Each structure stands twice: as C-alpha cells, then as structure tokens.
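>>> Sequence first, predicted model second:
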Amino acid sequence: MDGKETALLAPYLNFLQNFFIAIIILVIGWILSKWANRILLGVLRNRKVDEALARFLGNILQYIVLVMAVITALGTVGIETTSLVAVLASAGIAIGLALQGSLSNFASGVLILFFRPFNLGDRISAAGETGLVDDIGIFTTTILTPENHKIIIPNASVLSGPITNYTTLGTRRASVEVGVAYGADVPKTIEVLLGAAKRGEGVLTDPEPGVFFANLGASSLDFSVNVWCQPDDYLTMIHSVRQTVYEDLNAAGIEIPFNQIVVHQADK
C-alpha cells in the first residue's frame, strides 16, 4: 500500500479506531453504572434508608453515569456534544420549573426517608395535624387521626414547620390542671391528688406521678397533676386520671369551685 492509498484510508482508519474506543467507553460506562448502583444501594441500606428510596436513588445514579459515558463516546467519534449538553440542561431546567412543587415534595420526602424524624406507627404532630403515621411516601405522608380521619400531607408541608414525635422517646407526659376552693388544706389536697393520679389507668410508676401547687388563681388554688404513660395509652390515661381526681376530691370533701366574680357596691 503506497503513501497515496494510506492517505486516502487514514480518515476511515481513524474513524474506526475512535469508534472502537467509543464502544469500549460505553462498555466501561455500563459496568461502572452497575457498580455505582450497587455501591449506593449498599450504603443506603446500611443507613436503614427506605428500600424504595434506595432503589430509586441507585437507578438515578446509574442513569447519570450512563449519560456521561454516552456523551463521552459521542465526543470520541467526533460528534459535537456541546449543543447536546446545552439542550439537556435546558430541558432539565424547563422540567424543574414545571414540576417545582412536586420536586419540593420529592426533595422533602427524600430527607424524611433518609433522616427518619419519624417512622411508620409513630404518633406525631406536623403541619397542624396530629395522628398515627400510616405511610411515608416520596411525595406525601399519610397520618390517621384519633377521629379515624385519613390525612395526606405534602412532604414539603411536613418539613416546613416543627415536627413533634410523641413515640420516639417511649413515654409521654400529661398535665391535668385542677382548681380547688380557697381555704382548702394544701398538703391534704396534694396527698389526695397524688393518690388519685396513681390510681389512674395506664399511669406509669417510673417516672412516678407528681403534683405541684401551680398558682393562686382568681377563683381557686390551682394544682398541676403530672402523670406519665405509654404513647398509645395517652387518651385512656388522661380520661382515667381526670375521673379519679374528681372522685377523690369529692370523697375528701375538697370543693372544686366555679369561676367567681366578686362585685362591690359603692356606698351612696
């Protein structure tokens, strides 16, 4: 083969060489994308991240690696990729603007599933609602209220304010405010209230109940009865303590007064 023929074939040989290099890049990119998927899945599973979220993020990473491999391979065979990248970026921005609200809920869902401020079955207050967590999704969180209402809250709303988790610490405290008439014996009243608190259904002995002289009210001496229970027993427990407090105060002859207004008439 003389120099003229070599010169004529050189562009074709160069293209074939670049084509095979591009094929190798695609193969390596495919393998690396699989590895990246598996590695990220392993990391997320070790951190107890929700399985559906872990698979979703693993697939996203795999596709990102594949897209990078395809762009690199196209550039190797001489195809201009700058405009392609610009088109993909523009499309991504347009989609992001169109789905701004959904993406906000998605990002919040990822944070909830990753950091776990609450789990399925926890009793929480969030976005102005209180109930049992029934489902944690990518876009929404579902809770069941004590009235058996099913409320679906966008995840962005869940994370937009404080989240109170009543379950995670294992116990929950309730305070029952009680007013007794002026003139009542304070030590005796505290003794009666403490006994009533201990008789309440679902009341824990550790931490033990406590009674505090809270205030000198306008019409009564005000006491606070503090009791602890398991989170699931809260409503039953507070109902029972209120009942035993009322019964024991009546049995001890300690009056629970009505609100009073004393009117003084000026002398004429």
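Perfect, thanks for sending it. Residues are numbered from 1 along each chain as shown.
>>> now whichever strand or helix holds residue 190: mean pLDDT?
Using DSSP states H and E, residue 190 maps to helix 186-199. What helix 186-199 shows for mean pLDDT is 95.
>>> What residues of it count as buried?
Buried residues in helix 186-199, counted by 16 or more other CB atoms under 10 Å: 189, 190, 192, 193, 194, 196, 197, 199. In short, each C-beta sits where N, CA and C put it, glycine included.
>>> could you point out which element follows it?
Immediately after helix 186-199, counting by DSSP H and E, sits strand 210-216.
>>> Which strands border that next one, and is each parallel or antiparallel?
Paired neighbours of strand 210-216 in the sheet (DSSP bridges): strand 221-229 (antiparallel).
>>> which parts of whichever helix or strand comes after the strand it pairs with are buried?
Downstream of strand 221-229, the next assigned helix or strand under DSSP H and E is helix 234-251. Residues of helix 234-251 classed as buried by neighbour count (16+ other CB under 10 Å): 234, 237, 238, 240, 241, 242, 244, 245, 248, 249.
>>> Residue 165: which of the buried residues of helix 186-199 is nearest?
The nearest member of the buried residues of helix 186-199 to residue 165, counting by CB to CB, is residue 197 at 25.0 Å.
>>> Distance-wise, check that closest one relative to residue 147.
Going from residue 197 to residue 147 by CB to CB, to the nearest Å gives 27 Å.
>>> any low-confidence regions in the stretch 151-268 of the chain?
260-262, 264, 266-268 (pLDDT under 70).
>>> Please read the previous query as pertaining to the stretch 1-150 of the chain.
1-13, 15, 50, 52, 80-101.
>>> got TSV for the buried residues of helix 186-199, with distance to residue 28 too?
Output for the buried residues of helix 186-199, formatted as TSV (distance: CB to CB, whole Å):
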residue	distance to residue 28
189	81
190	77
192	80
193	75
194	74
196	75
197	70
199	73
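>>> Among the residues you listed, which one lies nearest to residue 17?
residue 197 (86.1 Å).
>>> just checking, the closest one touches residue 211?
Yes: counting by CB atoms under 8 Å, residue 211 is a contact partner of residue 197 at 6.9 Å.
>>> shared neighbours, these two?
residue 225 (CB atoms under 8 Å, 6 or more residues apart in numbering).
>>> ok, back up a step: is it possible to get a markdown table of the buried residues of helix 234-251 that adds distance to residue 38?
Below are these laid out as a markdown table (distance: CB to CB, whole Å):
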| residue | distance to residue 38 |
| --- | --- |
| 234 | 44 |
| 237 | 49 |
| 238 | 50 |
| 240 | 54 |
| 241 | 54 |
| 242 | 57 |
| 244 | 59 |
| 245 | 60 |
| 248 | 64 |
| 249 | 66 |
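>>> got the phi/psi numbers for residue 205?
phi -90, psi -10 (degrees, to the nearest 10).
>>> Just give the nearest non-adjacent residue to it, would you?
residue 198 (7.8 Å; CB to CB, 6 or more residues apart in numbering).
>>> how near is the one you found to residue 235?
19 Å.
>>> same thing with residue 46?
38 Å.
>>> likewise residue 254?
26 Å.
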